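J.: what shape does this take:
(one chain, ligands or ions: 1)
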Amino acid sequence: MPNHPNPITVIRLGYRVGRDPRINTHLGLVSRALGADEFLVSGDKNNKMFETIEQVTKTFGGTFKTNHLDAPLKWIRKYKSEEIEGGFNGTVVHLTMYGEDYRKVVNDIPKNKPLAIIVGGAKVPASIYRMSDYNVSVGNQPHSEVAALALFLDKLQNGNSIDQKFSNPKLEIIPDLERKNVIDHSKEEEE
Ligand code: SAM
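T.: As a prediction, the model looks like this:
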């Protein structure tokens, strides 16, 4: 089974309208395709971005959720807690080039708890570093949040992150070197 046995939430901190909207959409699409269950974005609201991701889910299946996050610090506190009502006793990983090597940390992450993965924005507050259970680097060079997320999700699932199953797809792509081979399940329903 490729997926982490418990739900995975990806959080993008501090989105600003007009700044790299495609990067944000790609974070959502990579989260979905590589095994996360939910994508939350703090900062400015951008419904168009959520619609794009939700449209992909409608077309290609699965139960991936997207949402805006008003108060990330409050959310993280609750997510980590067992005592606060609605808390998840979850683990929080923060992706940062200043962190510990992801190849080492990934083995320490509990499999029996939900997992939140935080991806930074322009400036990440010090409290995020403090509140995270693990500050994790994917190499110690600055690069892309999308690349860092993809590599981390893949390592977390032993290199099998692309082997997800998506329930009730309308369209299903069948690998074919000769032609575009796409099964349109919505046509089957009409028949
Ligand atoms: N100035 C930001 C900072 O202080 O972290 C860096 C912005 S960077 C483009 C945006 C996000 O990409 C970071 O917050 C981090 O989540 C992710 N990222 C970039 N390089 C990374 C690396 N080498 N390892 C882990 N995450 C990385």
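J.: where exactly do the strands run in this structure?
T.: Counting by DSSP state E, the chain has strands at residues 8-15, 38-43, 65-69, 91-101, 115-119, 134-137, 171-173, 182-184.
J.: for residue 23, which non-adjacent residue is closest in space?
T.: residue 146 (6.3 Å; C-beta to C-beta, 6 or more residues apart in numbering). Yep, even glycine has a C-beta here, placed from its N, CA and C like the rest.
J.: turn the strands of the chain into TSV, including mean neighbour count and distance to residue 158.
T.: Listed next are the strands of the chain as TSV, based on neighbours: other C-beta atoms under 10 Å; distance: least, C-beta to C-beta, whole Å:
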stretch	mean neighbour count	distance to residue 158
strand 8-15	23	14
strand 38-43	22	22
strand 65-69	16	25
strand 91-101	19	16
strand 115-119	25	15
strand 134-137	21	17
strand 171-173	13	24
strand 182-184	12	29
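J.: show me what residue of the protein gets nearest to the ligand.
T.: In the chain, the residue found nearest to the ligand is residue 120; the distance is 2.0 Å by C-beta to the nearest ligand atom.
J.: what score does that residue have for pLDDT?
T.: Per-residue pLDDT puts residue 120 at 96.
J.: count of neighbours near it?
T.: Residue 120 has 19 neighbouring residues, counting by other C-beta atoms under 10 Å.
J.: list the residues that contact the residue nearest to it when sequence neighbours are not counted.
T.: Leaving out its chain neighbours, the residue that sits closest to residue 120 by C-beta to C-beta, 6+ apart is residue 13, at 5.6 Å. By C-beta atoms under 8 Å, 6 or more residues apart in numbering, residue 13 lies in contact with 42, 43, 72, 118, 119, 120, 121, 124, 128.
J.: pLDDT weak spots in this protein?
T.: Scanning the chain for pLDDT under 70 picks out the ranges 1-3, 189-191.
J.: contact residues of it facing the ligand?
T.: Within the chain, the positions lying close to the ligand (C-beta under 6 Å from any ligand atom) are 95-97, 119-120, 123-124, 137-139, 141-143, 145, 148.
J.: dump the residue contacts of residue 132.
T.: Neighbouring residues of residue 132 by C-beta under 8 Å, 6+ apart: 76, 92, 93, 94, 118.
J.: beta-bridge partners for the last one, please?
T.: Bridge pairing for residue 118 (DSSP bridges) gives the partners residue 11, residue 94.
J.: list the residues that contact it.
T.: Counting by C-beta under 8 Å, 6+ apart, residue 118 has contacts 11, 13, 76, 92, 93, 94, 95, 128, 132.
J.: run the last query once more with 10 Å
T.: 9-13, 40, 42, 72, 76, 92-96, 124, 128-129, 131-132, 135-136 (C-beta atoms under 10 Å, 6 or more residues apart in numbering).
J.: got it, and the third one?
T.: Residues counted as contacts of residue 93 (C-beta under 10 Å, 6+ apart) are 8, 10, 99, 102, 105-106, 109, 115-119, 132-136, 152, 156.
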